[in-house]
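> Coordinates for the following, if possible.
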Amino acid sequence: MPRPRLPQQKAEVSGAIGKNAGRFKDRSISTKTRPVGQPYATMNEYQRLAWEQLTSEAPWLNSSHRQMLRLACIVIALIEEGVEEIGVKHITTLRAVLSSLGMTPIDETKVGHKEEKEEDEFDKMMGGGKPN
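Numbering: from 1, shown residues only. Modelled structure (predicted):
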């Protein structure tokens, strides 16, 4: 089975476009997508909190992800509320939805959020701090 196609927005965040510019040159980007927006009016408090958390952790999400995001929020709210016993079906559903949104630990390595490396003052004075 071939690897799934990397969404353009996710490729931009991860830097994949810089590595393989030719892979993305002929792709058309939908200009009709909007930001993910606010949670649905029918969502309860736990679902809204999950929405805010998930959207803050995944800047590549847009309006086309709203239904998948809603499903993830519903399952997270069930877990948080403790309404019913959490079973394998809930965990499997949540894992699959988060994976589809690019939000699992495996997917995070594909997105590649880079942290800025803090350089030590002594290393700066010594020209990088590498031994001869």
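> Which elements pack onto the helix or strand where residue 72 lies?
Under the criterion of DSSP states H and E, residue 72 resides in helix 66-81. Where contact means 3 or more CB pairs under 8 Å, 6 or more residues apart in numbering; DSSP states H and E, helix 66-81 is packed against helix 45-57, helix 88-100. From N, CA and C alone the C-beta is placed, and that goes for glycine too.
> Let's have those helices in CSV, adding mean neighbour count, distance to residue 66 and mean pLDDT.
Below are those laid out as CSV (neighbours: other CB atoms under 10 Å; distance: least, CB to CB, whole Å; pLDDT from 0 to 100):
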stretch, mean neighbour count, distance to residue 66, mean pLDDT
helix 45-57, 16, 10, 94
helix 88-100, 15, 12, 91
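> pLDDT weak spots in the chain?
For the chain, the stretches with pLDDT under 70 are 1-9, 26-32, 84, 107-132.
> run the last query once more with 50
For the chain, the stretches flagged by pLDDT under 50 are 112-116, 132.
> and the nearest residue to residue 48 once chain neighbours are set aside, helix, strand or coil?
For residue 48, ignoring the flanking residues on the chain, the nearest one in space by CB to CB, 6 or more residues apart in numbering is residue 39 at 4.6 Å. Assigned with DSSP: H, G, I helix; E, B strand; the rest coil, residue 39 falls in the coil class.
> doesn't residue 47 make contact with residue 39?
Yes: between residue 39 and residue 47 there is a contact at 6.8 Å, judged by CB atoms under 8 Å.
> Could you report the separation of the residue nearest to residue 48 from residue 86?
As judged by CB to CB, to the nearest Å, residue 39 and residue 86 stand 22 Å apart.
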